[in-house]
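In: sequence and predicted structure below; questions after.
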2 protein chains.
Amino acid sequence: MKTLKYSRQRESIKSCLMGRRDHPTADDVYLTIRQEYPNISLGTVYRNLNLLVELGEAQKLSFGYGPDRFDADLTPHYHFICRQCGRVADLPLMPFSDLDCKAQQCCDGAIDSHLIYFYGLCKACGSSPAEYGRLPKDGSL
Amino acid sequence: MKTLKYSRQRESIKSCLMGRRDHPTADDVYLTIRQEYPNISLGTVYRNLNLLVELGEAQKLSFGYGPDRFDADLTPHYHFICRQCGRVADLPLMPFSDLDCKAQQCCDGAIDSHLIYFYGLCKACGSSPAEYGRLPKDGSL
DNA sequence: GTATAAAATAGTAACTGTTATTATTTTTAT
DNA sequence: ATAAAAATAATAACAGTTACTATTTTATAC
């Protein structure tokens, strides 16, 4: 079997991810780590981020646009995405476990989980006039 | 302003999309239309599908893996995705409008909508042994 | 400590899904 | 029929991500 070996890059990536609440992209992490390890490659960041997800030490957030984001917060929670600036915020809500039951009643497969993204305007964007959007206006969200 | 002009390709794409319930990808549509218009280009399919979404005549479903899917069913409903075969099924559920209110209580932005995907095994996959998966096993869903 | 095997790395190429560009064709209004 | 606007096919470019390969690092056995 494949045993896991230590790597200082992975440690750095992990602590970087755990040290922030802003749901960074792989590239965000890459730029940060590069300050400490100038030669680190983007592929290493992707590989280790995905490894952390596999190990259950982080989760990956995939929206329908732009790069995936990573979240080291393992407590159950949903996410809020600002339509204008794309910011992702944690919503410290208890999971709505009853949703699966309700959905199950009109589904002939076996539902085991669900994912919810809430959309809207964040505080900053709501109080400032819209300039340009990072999010598509085509209703695809 | 930009006025819309008729195109037989667009009509074909639209009726193709409306004629099926399986949430095809742009490439699925492309392959179908090509039987009628062998020279149609994939770009035309993408352009028109996105146009239909902009016009509110279809919706785009973006999961965190693989290509986007398109759905001409405009009635409000959620979706179920099979973890094993990737099949997407409609769930004819009334929207859970109370979720936005609940989420709003722990969010300092202004929530206006949400998106839910339910995950599990479809009927076919649930009754057959897993072979290989189309979906990532990394918990990213 | 050295030797060895396994795993991780940096650097790069390749890949997937999608959008942009451009010359040509089609549609629509005059 | 003519002309302007829009749509097209074909292709190139693009973003995000993964795969490949030679080299380096880590862990283990002596």
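Out: In hand now; what should we look at?
In: what segments of chain A are strands?
Out: A:59-61, A:69-71, A:78-82, A:88-91, A:110-121 (DSSP state E).
In: can you redo the ones you listed as TSV with mean neighbour count, mean pLDDT and distance to DNA strand C?
Out: Where C-beta positions appear, they are placed from N, C-alpha and C, glycine not excepted. Below are the strands of chain A laid out as TSV (neighbours: other CB atoms under 10 Å in any protein chain shown; pLDDT from 0 to 100; distance: least, CB to the nearest atom of the strand, whole Å):
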stretch	mean neighbour count	mean pLDDT	distance to DNA strand C
strand A:59-61	19	93	16
strand A:69-71	22	96	16
strand A:78-82	23	93	18
strand A:88-91	19	92	20
strand A:110-121	19	92	17
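In: A:S7 is nearest to which of those strands?
Out: strand A:69-71 (17.5 Å; CB to CB).
In: so the closest one, near DNA strand D or not?
Out: No. In terms of CB under 7 Å from any atom of the strand, no part of strand A:69-71 sits within range of DNA strand D; the closest distance is 8.2 Å.
In: so what touches that strand?
Out: Outside strand A:69-71, the residues that touch it by CB atoms under 8 Å, 6 or more residues apart in numbering or on different chains are A:17, A:23-26, A:29, A:49, A:52-53, A:58-61, A:63, A:88, A:90.
In: longest helix of chain A?
Out: In chain A, taking DSSP state H as the definition, the longest helix is helix A:42-54.
In: off-centre distance for it?
Out: The chain centre lies 13 Å from the centre of helix A:42-54; the measure is CA atoms, centre = their mean, to the nearest Å.
In: so which bits of that helix are buried?
Out: A:T44, A:V45, A:Y46, A:N48, A:L49, A:N50, A:L51, A:L52, A:V53 (16 or more other CB atoms under 10 Å in any protein chain shown).
In: please save the CA atoms from stretch A:34-43 in PDB.
Out: What follows is stretch A:34-43, C-alpha atoms only, in PDB (Å, rounded to 0.1, in the frame of the first residue of the first chain):
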ATOM      1  CA  ARG A  34       5.800  30.700  -2.300                       C
ATOM      2  CA  GLN A  35       6.900  33.300   0.100                       C
ATOM      3  CA  GLU A  36       8.300  30.500   2.300                       C
ATOM      4  CA  TYR A  37       9.200  28.100  -0.500                       C
ATOM      5  CA  PRO A  38       9.900  30.100  -3.600                       C
ATOM      6  CA  ASN A  39      10.300  27.000  -5.800                       C
ATOM      7  CA  ILE A  40       7.100  25.200  -4.800                       C
ATOM      8  CA  SER A  41       5.100  24.300  -7.900                       C
ATOM      9  CA  LEU A  42       1.400  24.800  -8.400                       C
ATOM     10  CA  GLY A  43       1.000  21.100  -9.100                       C
END
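In: avg pLDDT for that stretch?
Out: Mean per-residue pLDDT for stretch A:34-43: 97.
In: domain ranges for chain A?
Out: Domain assignment for chain A by automatic domain parsing gives A:1-72, A:75-132.
In: ok, the last one near DNA strand D or not?
Out: Read it as domain A:75-132. No. Judged by CB under 7 Å from any atom of the strand, domain A:75-132 makes no contact with DNA strand D; its nearest approach is 10.5 Å.
In: report whether that domain contacts chain B.
Out: Yes. Domain A:75-132 is in contact with chain B by CB under 8 Å from any CB of the partner chain, via A:78, A:80, A:82, A:89, A:91-93, A:96, A:99-100, A:102-103, A:106-123, A:125-126.
In: ok, back up a step: by contact count, what packs against the longest helix of chain A?
Out: Where contact means 3 or more CB pairs under 8 Å, 6 or more residues apart in numbering or on different chains; DSSP states H and E, helix A:42-54 is packed against helix A:8-18, helix A:26-36, strand A:59-61, strand A:69-71.
In: right, is it up against DNA strand C?
Out: Yes. Judged by CB under 7 Å from any atom of the strand, helix A:42-54 and DNA strand C are in contact via A:L42, A:G43, A:T44, A:R47, A:N48.
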